[in-house]
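Student: task: produce atomic coordinates for the following.
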Amino acid sequence: MRKILLLTFFSLGFGAVQAQSSGYWQQQADYKMDVAVDAKNFQFKGTQQLIYTNNSSDTLKKVYYHLFLNAFQPGSEMDARLHSIKDPDGRMVKKIKVDGKESKQSRIETLKPNEIGFLKIANFKQDGATAKTNIVGTIMEVTLEKPILPNSKSTFTLNFDGQIPVQIRRTGRNSTEAIELSMSQWYPKLAEFDFEGWHADPYIAREFHGVWGNFDVKITIDKEYTIGGTGYLQNPNEIGHGYQDTGVTVSHPKKMKTLTWHFIAPNVHDFAWAADKNYAHDIVKGPHDVDLHFLYKNDPKTAEKWKKLPAYMVKVMDFFNQKVGLYPYKQYSFIQGGDGGMEYAMCTLMLGSGTLEGILGTATHELGHSWFQHVLASNESKHPWMDEGFTTYVEDMAMNELVVEKAANPFEGNYRAYYNLVNSGKEQPQSTHGDRYNENRPYSTASYVKGSIFLSQLEYVIGKENVNATLKRYYNDFKFKHPTPNDIKRTAERVSGAELDWYLTDWTQTTNTIDYGIKSVDTDGKSFNIKLERIGLMPMPIDILVEYADGTSESFYIPLRMMHFVKENQSPQIKRTVLGDWAWAMSNYEFRIAKDKNSIKKITIDPSGLMADVKQADNVYEVK
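Tutor: Take a look at the predicted model:
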């Protein structure tokens, strides 16, 4: 049944890709790897066979591979960036004193030869013929023995030797929580080639872009280690370690020193794993018969918190399924490892010794990435906000669902962080490449916070129900298809009928800000004349709430002319008047309310708090 299930899954997964319009194409990379781990010396050796399918109209004369582990060497680009950036990641530096002054030193800079990371490649062949390779830093360029024609395949084979670095960022050995092996970005990985060309980005700091394919991976390691990671274990009753079928007892002869774990992972663009001799391993059933694995340090303090995690994560996965779309795989693993929280195919490596609330928040966020990074898989090097931001958006909603007292605006903290960034003067457009931000903080705020606000503010622009429908259609239309920023915009346009090019352009490609104000409120005794002004460069439709002295309220909606759209009334219990539209070129706008001079108590621009107006002091007029 296991093999039949996998074959069915292959068909379903790639059928979805083929259902895209004829103008779309994407490459495919099918990996077969056999790896032997020398855990004592933190090294491994492996062989790799990769069948590469060129679905493009280009004839390929070269291909590129990522060798991520080479970043963890003194003098690497990652090391250099830690010297030049003003606010280096605290995990990657250590504090030292120079001439009596405190300074930060790159941890990579001081790595010894047996502490660095590396991937060494040998015996590269294309279809059995030797091909020329050239390695520079974390990128290997391969000059092919013969060009790969459009709509054809080629098989690459290679041998690789790797060393697992002291853990500095994401991958590595002996983490701060004493996890022995966190194996992410560990193998030679083919770079993405798409309609924009090759994406052979050096590994400097940020996240990843990959080619979908099928992984068949065998890992041989000392039998004491428990492994968790990507894929489906094919020999659970030989391995044990909590994976065996119910009622099966697995015992390994004393003379047996190692076990070979065999994983298959269909339709993924990455493969990660972690191993430790002291993992506890729990399995619970999640929604739609998905196995949820929990691997964590088997000590009382850690176990007390992790034992409470499964019940929450079943609810969170169900929420994401309903909010975005069905999780397409049959397992997901929450693994204590890494240096924070990082998403991989079918799993996360995450810290596990904090508070339950912190662990839950990290687990929720990383699980959310399964939809946006591992199924939709936008280019996170170029558009990190599409993954980090959208994941933050659904994370905030999910966490709000788990608490008893629900916040009216679960995104409020994101808006405060965004305003702080604007006021700092350090904001850069979200179209900035992830590695090219001046500092880490503007990158993080632009990606996680402003990316989340893209959707929460879109609720203000086109209405919550339209955003809900947009998210579901976006996932359904673009799963396994590497969507771009224009795809989420066009999906929202198709769902709502609104024109939204202005929104995508101003919010993601500029640092234009939203700033509206109530300029004046005058009365002749019989009516009020209300004057508004647009101060910021980014336009918006405007919601206004007027509260009257008699306790009643009325709302007014001013459409944005360039949207060609009128939003549905989001509060049907309150009478709403749709006013004439407001053109962007007009800085001022005014309208009248036929009420006597003592009737108005308060006027508020955007009572929902979902419009990111950077200066809100003038958004409220109140009769004292």
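Student: now stretch 603-610: mean pLDDT?
Tutor: Mean pLDDT, taken over the full extent of stretch 603-610, equals 98.
Student: give me the distance from it to the chain's centre.
Tutor: Its chain's C-alpha centre lies 30 Å from the corresponding centre of stretch 603-610 when counted by Cα atoms, centre = their mean, to the nearest Å.
Student: list the contacts of that stretch.
Tutor: 409, 411-412, 415, 456-457, 459-460, 516-518, 521, 530, 532, 542-547, 570, 611, 613, 619-622 (Cβ atoms under 8 Å, 6 or more residues apart in numbering). Bear in mind the C-beta positions are built from the backbone N, C-alpha and C, glycine included.
Student: how about the CA coordinates for it, as CSV?
Tutor: Output in CSV follows, covering the C-alpha atoms of stretch 603-610 (Å, rounded to 0.1, in the frame of the first residue of the first chain):
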residue,chain,number,x,y,z
ILE,A,603,-15.1,61.4,12.7
THR,A,604,-12.5,58.7,12.1
ILE,A,605,-10.6,57.7,9.0
ASP,A,606,-10.3,53.9,8.8
PRO,A,607,-11.8,52.7,12.1
SER,A,608,-10.6,49.1,11.2
GLY,A,609,-6.9,50.0,11.7
LEU,A,610,-6.0,48.0,8.6
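Student: numbering from 189 from now on, please.
Tutor: Taking 189 as the first residue, the last one we looked at is stretch 791-798.
Student: flag every buried residue along that stretch.
Tutor: Of all the residues in stretch 791-798, those buried under the rule 16 or more other Cβ atoms under 10 Å are I791, T792, I793, D794, P795, S796, L798.
Student: the second one pairs with what?
Tutor: I take that to be T792. According to DSSP bridges, the partner residues bridging T792 are L733, V808.
Student: how close does it sit to I650?
Tutor: For T792, the distance to I650 (Cβ to Cβ, to the nearest Å) stands at 21 Å.
Student: from the buried residues of stretch 791-798, which two are the most distant?
Tutor: Spatially, the most separated pair among the buried residues of stretch 791-798 is I791 and L798, at 18.0 Å (Cβ to Cβ).
Student: in stretch 360-380, what counts as buried?
Tutor: Using 16+ other Cβ under 10 Å, the residues of stretch 360-380 that count as buried are 360-361, 363, 365, 367-380.
Student: before we move on, the earlier item: buried ones among the contacts of stretch 791-798?
Tutor: Of all the contacts of stretch 791-798 considered here, the ones buried according to neighbour count by 16+ other Cβ under 10 Å are 599, 603, 644-645, 647-648, 704-706, 718, 720, 730-735, 758, 799, 801, 807, 809.
Student: strands - which of these land there?
Tutor: The subset of these located in strands under the criterion DSSP state E comprises Y704, G705, I706, I718, L720, I730, D731, I732, L733, V734, E735, Y809.
Student: hey, where'd the helices end up in the protein?
Tutor: Assigned by DSSP state H, the helices in the chain fall at 190-206, 265-272, 424-427, 488-494, 497-511, 544-559, 572, 578-590, 600-612, 628-632, 639-650, 652-666, 673-684, 689-697.
Student: and the second one, what's buried?
Tutor: For helix 265-272, burial by neighbour count (16+ other Cβ under 10 Å) applies to E265, M266, D267, R269, L270.
Student: equivalent analysis for the last one, please.
Tutor: Across helix 689-697, burial judged by 16+ other Cβ under 10 Å covers Y691, L692, D694, W695, T696.
Student: hmm, L688 and the third one touching each other?
Tutor: Spelled out, that is D694. No: between D694 and L688 no contact is recorded; they are 10.5 Å apart, counting by Cβ atoms under 8 Å.
Student: between the two, what contacts are shared?
Tutor: Here D694 and L688 have no joint contacts, going by Cβ under 8 Å, 6+ apart.
Student: between the buried residues of helix 265-272, which sits nearest D287?
Tutor: Using Cβ to Cβ, the shortest approach to D287 within those belongs to L270, at 20.2 Å.
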